[in-house]
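S.K.: Build me a model from this:
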Amino acid sequence: MPLSTSDGGEKNGAHVVEDLPAPHEVTGYEPSTEEARTLDKRVNLKLDFIVVLVLAIDFILCGIDKTNIGYVATTNMVKDANLTPDDIPDSVSILSVTFITLQPFSTAIGRRIGPKYWIATMMVCWGTVCMAHAGVKNRGTLIALRLLLGAFEAGFVPTSFYFMSTLYPKYSLGFRLGLFAGMYSIAGAFAGLIAYGIFQIRNSSLHNWQLLFIIEGALSVFMAIVTVTVLPARLETAWFFKPTEAAHAVARMELDVRGASDEGAHGKTGKVTRRDVLDAVTDWKKLLTIVCNVMATLPVSAFGYFMPLIVKGMGYSGVRASLMSVSPFVVGACGLFAFVYSSDHFKERSIHTASSMMLAIIGLIVMYTSDNPKVRYGFVHVCLAGAFTAGPLIVAWMAGNTPEKGPRSLIIGMNGWSNLAGVIAGQLFKSKYGPHYRYPLLVTMILIAIGACGFLSIRVLLMWINRRRARVTATWTPEEFEAENTSSARRGDRKLTFKYGY
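M.R.: Now for the predicted structure:
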């Protein structure tokens, strides 16, 4: 049964067609002809260099505006703003209250009004709040601003993840999510460089930490304008696609969830229904995955906020501590890109995720046991080479296993609760554990190991479910497969014809 990738459009005078899989196969889209592969490359290239690039720059600014508090902690901000040393880590934990709680709700708003409009709105708001940090004069003001910053940044990452999941088929998605998520580690590098540069500025009316907040917040507001101008509202109306490319982009997304979704899959906005909510909150397999993800992302939160302080504890001080924080984040991004590319290539998620976590543990073990500052600094790079991978791969894993867009937006939003790791990090990496931070590193190691075991256990569970479904459907007729695929009694991954990826 052929599917044309264009509604009346033609390429070189002929329709580009692909053969659909048999009705009982719900495994995801793959191009089956040379013409389809050529169109795929063109579509992906345009999406990569327009959508992913803009979102990546936005994420760099989001990360900078959230983590710059760690860099100003190495300056005189504590004294100038009438703070105490523990006010900084406390403000990190407080931010997580709104940042974590509001993620599913913010993602649902993004689905309703359209991701590009919601992303731009959030950027204007958080950029303004970041600039307002320059006026901090006491603990109360700092806490209030961090709560607002958390509220406005809450939906950015899950909305961006959800947006990309409506643009790329499941086994092209992981690498793109990795490219996007890698910008958090790049943000760490840029934040260090920007902080180093701004801290060299001498201004008679403003402290260097005030300039840092103002400049970085203003950049976010500027990029909000670029974002709402450049990003497409929907695949079929994307300004950068030719008609055949737009038709192919839409058709492949329909094919990616064929038989498992009762709705289109190419980025239309819509309400989140009561059934969507029930499907999401009762999906215990994905909720268990989110719990494991809290432990997996702990080093990302810890090193993202406190890298300058950790490096300072290794013997580097002041502005140099900020500068020495750059290279570990660059190595972290490279490790992330390698893992997610391999994951998409081999169409596998759980083993890649667990392997990256083991690499992070190796780095933490050496940092915990060694007293040599140079050795500890070197193995920060090893730790971060694996630490950033779990976040995007888990989103790709859950998005691929959630074909319905409504529950998917909620699941990705709830996955934002894995940022509870930020609360844990804020309480672990207190100044009293400095300069070596051995106790926080030990706890981080243990939690990562538990999370890795959890992901591997979920893999075994999904393999068992797939085998059980295969036995149930082994004697079905084609009519029974079609009836299951078109029935609304079970939706998405709950259909017996759906095959989980793991």
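S.K.: Show the average pLDDT along the longest helix along the chain.
M.R.: Assignment by DSSP state H gives helix 438-473 as the longest helix of the chain. Averaging pLDDT along helix 438-473 yields 92.
S.K.: tell me how far stretch 478-488 is from the chain's mean position?
M.R.: Stretch 478-488 sits 34 Å away from the centroid of its parent chain (CA atoms, centre = their mean, to the nearest Å).
S.K.: and what of stretch 403-418?
M.R.: Distance, centroid of stretch 403-418 to centroid of chain: 12 Å (CA atoms, centre = their mean).
S.K.: Check the average confidence over that stretch, would you?
M.R.: pLDDT averaged over stretch 403-418 gives 88.
S.K.: Thr229 and Val54: what is the separation?
M.R.: To Val54, Thr229 is 9 Å away according to CB to CB, to the nearest Å. Where C-beta positions appear, they are placed from N, C-alpha and C, glycine not excepted.
S.K.: Which one's more surrounded, the two?
M.R.: Taking other CB atoms under 10 Å, Thr229 and Val54 do not tie; Val54 has more neighbours (19 against 11).
S.K.: Now for the nearest residue to that one once chain neighbours are set aside, how many residues are close by?
M.R.: Leaving aside its chain neighbours, Val54 sits nearest to Val230 (5.3 Å; criterion: CB to CB, 6 or more residues apart in numbering). Counted by other CB under 10 Å, the residues lying close to Val230 total 14.
S.K.: And for Thr33?
M.R.: 13.
S.K.: same question, the one 10 residues further on
M.R.: Around Val43 sit 25 other residues, with neighbours defined as other CB under 10 Å.
S.K.: Not including adjacent chain positions, what is the nearest residue to it?
M.R.: Leaving aside its chain neighbours, Val43 sits nearest to Ala249 (4.8 Å; criterion: CB to CB, 6+ apart).
S.K.: quick one, phi/psi of that neighbour?
M.R.: With angles defined as degrees, to the nearest 10, Ala249 sits at phi -60, psi -40.
S.K.: next one: the one 5 residues further on
M.R.: Torsion angles at Glu254 (phi, psi; degrees, to the nearest 10) stand at phi -60, psi -40.
S.K.: Just the buried residues of stretch 124-137, please?
M.R.: Of all the residues in stretch 124-137, those buried under the rule 16 or more other CB atoms under 10 Å are Val124, Cys125, Trp126, Gly127, Thr128, Val129, Cys130, Met131, Ala132, His133, Ala134, Val136.
S.K.: doesn't Ile50 make contact with the residue nearest to Val54?
M.R.: Yes: the pair Val230 and Ile50 passes the contact test of CB atoms under 8 Å, sitting 6.4 Å apart.
S.K.: rewinding a little: list the buried residues of the longest helix of the chain.
M.R.: By 16+ other CB under 10 Å, the buried positions in helix 438-473 come out as 440-441, 443-445, 447-449, 451-452, 454-456, 458-459, 462, 465, 469.
S.K.: May I have the residues that are in contact with Thr237?
M.R.: Counting by CB atoms under 8 Å, 6 or more residues apart in numbering, Thr237 touches Ala246.
S.K.: how close does it sit to Leu102?
M.R.: Using CB to CB, one obtains 29 Å as the distance from Thr237 to Leu102.
S.K.: which helices and strands sit right next to the longest helix of the chain?
M.R.: Contacts defined by 3 or more CB pairs under 8 Å, 6 or more residues apart in numbering; DSSP states H and E place helix 438-473 against helix 284-296, helix 298-313, helix 350-369, helix 390-400, helix 420-428, helix 478-486.
S.K.: Tell me which of these lies nearest to Val78.
M.R.: helix 298-313 (12.1 Å; CB to CB).
S.K.: Let me see the ranges of the helices in the stretch 1-150 of the chain.
M.R.: With DSSP state H, counting those that start in this stretch as the criterion, the stretch 1-150 of the chain has helices at 34-47, 53-72, 77-80, 87-101, 103-113, 115-132, 139-153.
S.K.: Now do the buried residues in stretch 95-113.
M.R.: Burial within stretch 95-113, assessed by neighbour count using 16+ other CB under 10 Å, is assigned to 95-104, 106-111.
S.K.: wait, which of the residues you listed is closest to Asn68?
M.R.: Asn68 lies nearest to Leu95 out of the buried residues of stretch 95-113, by CB to CB, at 12.0 Å.
S.K.: is it true that that closest one touches Ala144?
M.R.: No: Leu95 is beyond contact range of Ala144, at 10.9 Å (criterion: CB under 8 Å).
S.K.: Stretch 148-168 - what's its average pLDDT?
M.R.: For stretch 148-168, mean pLDDT rounds to 93.
S.K.: Straight-line length of it, end to end?
M.R.: Chord length of stretch 148-168, first to last residue, is 32 Å (CA to CA, to the nearest Å).
S.K.: Using TSV, lay out the helices of the stretch 1-150 of the chain together with distance to Ile194.
M.R.: Formatted as TSV, the helices of the stretch 1-150 of the chain follow (distance: least, CB to CB, whole Å):
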stretch	distance to Ile194
helix 34-47	28
helix 53-72	7
helix 77-80	16
helix 87-101	18
helix 103-113	26
helix 115-132	13
helix 139-153	17
